[in-house]
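Visitor: fold the following.
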Amino acid sequence: MTEPAWEREPAPDERAEMGKDLPPEQALALLAAKIRVCVECDLSQSRTQAVPGEGSACAKIMFVGEAPGAVEDKTGRPFVGPSGKLLDAMLQDIGLERADVFIGNVNRCRPPGNRDPLAWEVAACNPWLQAQLRVIGPKIVCPMGRFALEALVDPRAKISKVHGQPIEKEGILYVPLFHPAAALHRQDLRDTLLADMRGLKELLVERGLW
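Guide: Predicted coordinates for the structure are as follows:
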């Protein structure tokens, strides 16, 4: 009997190293193609399509959310629903466009009913995220929301306490942000997210990345 992917030793190292000898654009395209056919967890059975992420292969900033929503599941593109429109508006507020950054998610398949991703689903998808981080080599990564923060920075961290605060880890500067989906429904979080995005711009200038 074959063990489920999350119970066996998968090939996280193999996936994380995929495309390492290719130019960044080609490596990112290879990863996207592999993600679209990934069956490492059961979310592959319920998705319409996987959402690899999109943006510049040389982006200095990478935004990472939780998982695709209904619109993303249909289109195969990240953050194109209501929360994506809010993210676009906030990027434009600080002088950035989608083409300037890379946008993705911790999980590349939509959980049924938009439920929270399970721990083993996050673990099964993590090598793809690590591979994209290696290829792109961003200077700043913005985990958006609790799941991205826990997966990328610290499983004990609380977004309400560390949002907008730069956290250095393994040569990458992480700037946690509230998820735009949460900000859609609360004006106070929208104001906080906008303030943190503007703080991100100040950090970019300070680091000579602007």
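
Visitor: need the three-state assignment for the spatially most central residue of the chain.
Guide: The residue lying closest to the centre of the chain (C-alpha atoms, centre = their mean) is residue 64, at 2.1 Å. Per DSSP: H, G, I helix; E, B strand; the rest coil, the local secondary structure of residue 64 is strand.

Visitor: show me what contacts it?
Guide: Taking C-beta atoms under 8 Å, 6 or more residues apart in numbering, we find residue 64 in contact with 104-106, 129, 141-144, 148, 152. Where C-beta positions appear, they are placed from N, C-alpha and C, glycine not excepted.

Visitor: 10 Å instead?
Guide: 53, 78, 102-106, 129, 132-133, 138, 141-145, 147-149, 151-152, 174, 177 (C-beta atoms under 10 Å, 6 or more residues apart in numbering).

Visitor: partners of it in the sheet?
Guide: residue 104, residue 143 (DSSP bridges).

Visitor: picking that back up, are any of the contacts of residue 64 buried, and which?
Guide: The neighbour count (16 or more other C-beta atoms under 10 Å) marks 53, 78, 102-106, 129, 132-133, 138, 141-145, 147-149, 151-152, 174, 177 as buried among these.

Visitor: residue ranges for the helices of this structure, please.
Guide: 12-16, 24-36, 43-46, 70-75, 82-93, 119-136, 146-152, 159-162, 180-185, 187-206 (DSSP state H).

Visitor: so for residue 111, which of these sits nearest?
Guide: Nearest to residue 111, of all these, is helix 43-46, at 6.2 Å by C-beta to C-beta.

Visitor: just checking, what packs against the closest one?
Guide: Using 3 or more C-beta pairs under 10 Å, 6 or more residues apart in numbering; DSSP states H and E, the elements in contact with helix 43-46 are helix 119-136.

Visitor: got the angle for the helix it packs on vs helix 24-36?
Guide: Relative orientation of helix 119-136 versus helix 24-36 (axes from the mean of the first three to the mean of the last three C-alpha atoms, to 10 degrees): 160 degrees.

Visitor: which other helices and strands does helix 119-136 contact?
Guide: Using 3+ C-beta pairs under 10 Å, 6+ apart: helix 119-136 touches helix 12-16, helix 24-36, helix 43-46, strand 61-65, strand 102-105, helix 146-152.

Visitor: and with 8 Å instead?
Guide: helix 12-16, helix 24-36, strand 61-65, strand 102-105, helix 146-152 (3 or more C-beta pairs under 8 Å, 6 or more residues apart in numbering; DSSP states H and E).
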